[in-house]
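A.B. asks: Give the three-dimensional model of this entry:
(one chain, ligands or ions: 1)
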Amino acid sequence: MTDKVHLGHRARKRFGQNFLCDEMIIDKIVTAIDPKPEDNLVEIGPGLGAITEPVSELSGHLTVVELDKDLAQRLTEHPFLGPKLTVHQGDAMKFDFSSLIKADRNKLKVFGNLPYNISTPLLFHLFEFADNIEHMHFMLQKEVVKRMVAGPGSKTFGRLSVMTQYYCNAMPVIEVPPECFKPAPKVDSAVIRLIPKKPEQRTAKSTKILNTVCLEAFNQRRKTLRNSLANLLTADELTSIGIDITLRAESLSLQQFIDIANWIYDNKQ
Ligand SMILES: C[S@@+](CC[C@H](N)C(=O)[O-])C[C@H]1O[C@@H](n2cnc3c(N)ncnc32)[C@H](O)[C@@H]1O
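C.D. replies: Sure thing, here's the model as predicted:
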């Protein structure tokens, strides 16, 4: 039970609270973020400030978005940290990250040890702001990181892989065992670096359609594309785009997913 109380705060499971307590890992994360005074830094879920504090020492200022009212208040009132922070108490999944871009401010550098229970929808929300973001560093479940970086042919290649790689160049940077957190999660963790691609590299005419194609294709991943995509296109239509209808979703490249989505956009809208 005592494991659940860290720095006088009882961890709330519903907010996905697992606080980092390993100085070496914190150091590695801060080195990966490489904070500078001119940076427009944003942390999601600062919690008790494990990463916030060393980042603020290097940057002088950062914005934080924290859902837990007690933790947000604790940070605001913190004698040393408080003055260096702009604290937004609220849900990062509803936060308009573009509101932090001001004429005199650089693109955002976003980071956080994310609440694992909402990490996928939160990542999708952040992808919407790809044009406002320079880079992101997130601690996630190692399984999620594996899925994000998986390529065609891999068992973990799925919608999260396609959508992550559509928006960003993604690379795992640090592996983190459970004992580096209080309380310790039941799973291994890893930090991923995400660098949004330039708008001209993101050639889907509708990301909504791209997402739908992924949902349909991977929903029944053991089926061939002729069957799994039957709700969206006929076998002839798929063949006309150059897709082998006897393949499964896990064999398609990112570009082929984009080609299918753009064909639907051009012909079925
Ligand atoms: C895994 S903890 C990380 C805390 C701290 N950054 C650390 O590394 O020790 C996740 C943090 O995200 C906060 N959180 C949970 N859901 C959130 C949401 N929807 N929006 C913003 N913050 C959230 C939690 O309250 C908690 O502080």
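A.B. asks: mind checking the backbone torsions on P35?
C.D. replies: With angles defined as degrees, to the nearest 10, P35 sits at phi -70, psi 140.
A.B. asks: Looks like it contacts S59 (just checking).
C.D. replies: Yes. Assessed by CB atoms under 8 Å, P35 is found in contact with S59 at 4.0 Å. C-beta coordinates here come from the backbone N, C-alpha and C atoms, glycine included.
A.B. asks: anything in contact with each of these two?
C.D. replies: When contacts are counted by CB atoms under 8 Å, 6 or more residues apart in numbering, the set common to P35 and S59 consists of L41.
A.B. asks: Tell me how many other residues surround the closest residue to V176 other than its chain neighbours.
C.D. replies: Among residues not flanking V176 along the chain, S189 sits closest, at 4.2 Å (CB to CB, 6 or more residues apart in numbering). Residues near S189, counting by other CB atoms under 10 Å, number 25.
A.B. asks: now do L238
C.D. replies: Neighbours of L238 under the rule other CB under 10 Å: 20.
A.B. asks: Dihedrals phi and psi, the closest residue to the ligand within the stretch 151-269 of the chain?
C.D. replies: The minimum distance from the stretch 151-269 of the chain to the ligand, using CB to the nearest ligand atom, falls at F181 (7.3 Å). Dihedral angles of F181 (phi, psi; degrees, to the nearest 10) stand at phi -120, psi 160.
A.B. asks: these two touch, right, it and N18?
C.D. replies: Yes. Between F181 and N18 there is a contact at 4.1 Å, judged by CB under 8 Å.
A.B. asks: Low-confidence stretches in this structure?
C.D. replies: Within the chain, the segments meeting pLDDT under 70 span 1-3, 104.
A.B. asks: Any buried residues in the helix of greatest length in it, and which?
C.D. replies: In the chain, with assignment by DSSP state H, the single longest helix is helix 254-268. Judged by neighbour count using 16 or more other CB atoms under 10 Å, the buried positions of helix 254-268 are L254, Q256, F257, I258, D259, I260, A261, N262, W263, I264.
A.B. asks: Look at the closest residue to L252 other than its chain neighbours and give its secondary structure.
C.D. replies: Distances taken as CB to CB, 6+ apart place P152 nearest to L252, at 6.2 Å, with adjacent residues excluded. Secondary structure, DSSP: H, G, I helix; E, B strand; the rest coil: P152 is coil.
A.B. asks: Tell me, how many residues neighbour P152?
C.D. replies: Look at P152: counted by other CB under 10 Å, it has 16 neighbours.
A.B. asks: can I assume it is in contact with S251?
C.D. replies: Yes. Here P152 reaches S251: they are 5.7 Å apart, a contact under CB under 8 Å.
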